[in-house]
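> Model the following, please.
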Amino acid sequence: MTVQDISNLGTKARRAAKDLSLASTEQKNTALRAMAQHIRADAKTILAANAKDLNAAKSKDLKSSFVDRLTLTDARIEAMATGLEEIAALKDPVGRVQDKWTRPNGMEISRVAVPIGVIGIIYESRPNVTADAGGLCLKSGNAAILRGGSDGFESSKAIITALRAGLKEVGLNEDAIQMVETTDRAAVGEMLTGLGGTIDLIVPRGGKSLVARVQAEARVPVFSHLEGICHVYVDKAADLEMAKAIVLNAKMRRTGVCGSAETILIDRAAAAQDLKLILRTLIDAGCEVRGDAETQAADKAVKPASEEDWSTEYLDAIVSVKVVDGVDSAIAHIAKYGSRHTDSIITADSATAEKFLREVDSAIVLHNASTQFADGGEFGFGAEIGIATGKMHARGPVGVDQLTTFKYQIRGTGQTRP
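Numbers count the residues shown, from 1 in each chain. Predicted coordinates:
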């Protein structure tokens, strides 16, 4: 695609966004259900496209966690389709009256949710993001311009074809969902300029280098997280069996997702009883453990942790483990090394749990639950377009509600200002 071609995507998206802003809830929901059916009908085509991407990825000897994120299966394709239907079942955020009041002069003021407009989504090696992002943008009345990574290019193209077919079937503007059909990294730069004012928001979803580039170069607002350095703190009052199950799930369920735990913190008061057993649970599951001196002393399989390990997002079967002096020490460690993404405490002490939930300044904070629940679908959002770790406008899983802004509607009876 040429620079002009990419610019034209913005122009077409702006027109489509206008059409979507006026579409009824039923029109959008019918389109989402049609898109789901086209995903199912095109499953063989999508899998064939994905096979091309996987063959190319495997020839590059990429990490298994990366290949896992890239891989589509019948079950994952069905999950994409089901996700679109779940989005259709959500309440329409557009037109929702967030607040309403009457002034002493009789004017009625309402704050009403409206679409943001055109959203550019830049992502890597996650073909399912194509369907999630397209569906969430449609439900919230936004047009989407999608730029997937080169590793998932063929997969994303096949999924986009199915989504656009669903839009066409119900008479909505196909340009509501478009793809930047080039692997040239210069296309990212063009999107970050805002395409002549046609893009209202950029959402990056990928590795640290991609997100850092977007944050540094974007000339339009950005929803993003730089990385997911997630912690699980095992308190002295933790149930050991619960702690073992949660730690194992938080780290090993899927190591390549941003909600995967990267550091386990163990209360020194519990270390004598719990540390060896938690370490052995991880090691027996095939996880490499890097730890401080106390952790190394507990199991000879533990490798020394460097200072860099405490701030590393491994996205692999590797975890750092540290013994800390209680909840205050855990909170301090998270504040120093964390990324304000997702952190969990395991404890039976409700006062300690509440302290952790209150004082840890992350987008998602959990008590007695795995960090792998950092997912819009698990929040009941249907899907997510990403996890935002900033504090402006959206934080945590970005679903349909977070993809709206608002305007004030004022109804008067002839009032003039003195």
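> now for the longest helix anywhere in the chain, which elements pack on it?
If you go by DSSP state H, the chain has its longest helix at helix 3-21. Taking 3 or more Cβ pairs under 8 Å, 6 or more residues apart in numbering; DSSP states H and E as contact, the helices and strands that helix 3-21 lies on are strand 108-115, strand 118-123, strand 143-147, strand 177-179, helix 186-192. In short, each C-beta sits where N, CA and C put it, glycine included.
> swap the cut-off to 10 Å and go again
The contact analysis (3 or more Cβ pairs under 10 Å, 6 or more residues apart in numbering; DSSP states H and E) places helix 3-21 against helix 25-41, strand 108-115, strand 118-123, helix 128-139, strand 143-147, strand 177-179, helix 186-192.
> Which one of these lies nearest to Ser7?
Ranking these by proximity to Ser7 (Cβ to Cβ) places helix 186-192 first, at 7.4 Å.
> List the buried residues of that closest one.
Residues 187-188, 190-192 are the ones in helix 186-192 that count as buried (16 or more other Cβ atoms under 10 Å).
> hang on, the earlier thing: any chance of CSV for the helices and strands packed on helix 3-21, columns distance to Lys63 and mean pLDDT?
What follows is the helices and strands packed on helix 3-21, written out as CSV (distance: least, Cβ to Cβ, whole Å; pLDDT from 0 to 100):
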stretch, distance to Lys63, mean pLDDT
helix 25-41, 27, 98
strand 108-115, 38, 97
strand 118-123, 18, 94
helix 128-139, 18, 94
strand 143-147, 23, 96
strand 177-179, 26, 97
helix 186-192, 22, 91
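> Make a markdown table out of those and add distance to Val94.
Shown next, in a markdown table, are those (distance: least, Cβ to Cβ, whole Å):
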| stretch | distance to Val94 |
| --- | --- |
| helix 25-41 | 8 |
| strand 108-115 | 6 |
| strand 118-123 | 14 |
| helix 128-139 | 8 |
| strand 143-147 | 13 |
| strand 177-179 | 17 |
| helix 186-192 | 24 |
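> Of those, which is nearest Ala79?
Closest of the helices and strands packed on helix 3-21 to Ala79 is helix 128-139, at 7.3 Å (criterion: Cβ to Cβ).
> Secondary structure class of Gln409, three-state.
Following DSSP: H, G, I helix; E, B strand; the rest coil, we place Gln409 in the strand state.
> The residue nearest to it when sequence neighbours are not counted and Lys12: what is the separation?
Using Cβ to Cβ, 6 or more residues apart in numbering and skipping the chain neighbours, the partner closest in space to Gln409 is Ser110 (4.7 Å). Ser110 is 32 Å from Lys12, where distance means Cβ to Cβ, to the nearest Å.
> cool, and Leu195?
10 Å.
> now Thr342
37 Å.
> For these two, indicate the residue with more neighbours.
Thr342 (32 against 19; other Cβ atoms under 10 Å).
> ok so, going back, nearest to Lys276 among the buried residues of helix 186-192?
Val188 (47.0 Å).
> how about that closest one, what does it touch?
120, 122, 147, 149, 180, 202, 204, 210, 213-214, 217-218 (Cβ atoms under 10 Å, 6 or more residues apart in numbering).
> what about 6 Å?
Ile122 (Cβ atoms under 6 Å, 6 or more residues apart in numbering).
> same check, this time on the one 5 residues further on
If you count contacts by Cβ under 6 Å, 6+ apart, Thr193 has them with Arg219.
> Just the pLDDT for it.
Here, the pLDDT recorded for Thr193 equals 93.
> do Leu210 as well
Among the per-residue scores, Leu210 shows a pLDDT of 84.
> can I assume Thr352 is in contact with Asp328?
No: the criterion here is Cβ atoms under 6 Å, and Thr352 misses it with Asp328 at 10.0 Å.
> Poorly predicted segments of the chain, please.
Residue ranges of the chain with pLDDT under 70: 226.
> Kindly state the domain boundaries assigned to it.
3-223+399-411, 230-373 (automatic domain parsing).
> Any chance of those domains in a markdown table with distance to Glu384 as columns?
Below are the domains of the chain laid out as a markdown table (distance: least, Cβ to Cβ, whole Å):
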| stretch | distance to Glu384 |
| --- | --- |
| domain 3-223+399-411 | 6 |
| domain 230-373 | 10 |
